[in-house]
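J.: curious how this folds, go ahead:
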Amino acid sequence: MAEQLELPLWDTAEDEPRLRERSVILRTAEEYVTKQRAQDYGDMSINFAVIGKYWSTHLGVEVSSEDVALMMALLKIARAKANPATEDSFIDGCGYLALAGELAKLKRELAELKNREG
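T.: Numbering: from 1, shown residues only. The predicted structure is shown next:
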């Protein structure tokens, strides 16, 4: 695929610091969404459902918990673009995308369960 996109193939020995930084960002995001943020703000699905209801009322359109997670990731992406020197936006963006993925999976599983029960 890299060849198709004409991307350079990296030498992992030379790129080890970059790969290590990638891991730090992802591991920090994991720490936040599995421990710190959960302790600080409670259950993510309940929290995002409440935020979705507030946003739905304000915007006059339905906003799901998954939408909340995705829009928070977009907010972090916009902040990262405005100030790429702030690592926190990249970490939080990864965390919000992971939460969105979890919510999407739960939504799929619930739909499959409902289809089986028919």
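
J.: quick check: phi and psi on D92?
T.: phi -60, psi -40 (degrees, to the nearest 10).

J.: begin at 357 from now on, thanks
T.: Noted, 357 is the first residue going forward, which turns the last one into D448.

J.: how about the contacts made by it?
T.: 385, 388, 428, 432 (C-beta atoms under 8 Å, 6 or more residues apart in numbering). Glycine gets a C-beta too; all of them are placed from N, C-alpha and C.

J.: list the helices and strands the helix or strand of the chain with the lowest mean pLDDT packs on?
T.: Least confident helix or strand of the chain, by mean pLDDT, DSSP states H and E, is helix 393-397 with a mean of 84. On a contact count with 3 or more C-beta pairs under 8 Å, 6 or more residues apart in numbering; DSSP states H and E, helix 393-397 meets helix 400-415.

J.: packing partners for whatever helix or strand comes next after the helix it packs on?
T.: Heading C-terminal from helix 400-415, the first helix or strand you meet, by DSSP states H and E, is helix 421-438. Applying 3+ C-beta pairs under 8 Å, 6+ apart, one finds that helix 421-438 contacts helix 400-415, helix 443-473.

J.: which phi and psi does K391 have?
T.: Residue torsions, per degrees, to the nearest 10, at K391 are phi -130, psi -70.

J.: name the residues that touch stretch 407-415?
T.: 418-421, 423-424.

J.: now the buried members of these.
T.: Buried subset of those (neighbour count, 16 or more other C-beta atoms under 10 Å): 419-421, 423-424.

J.: circling back to that earlier point, contacts for the least confident helix or strand of the chain next, please.
T.: Contacts for helix 393-397 (C-beta under 8 Å, 6+ apart): 400, 403, 451.
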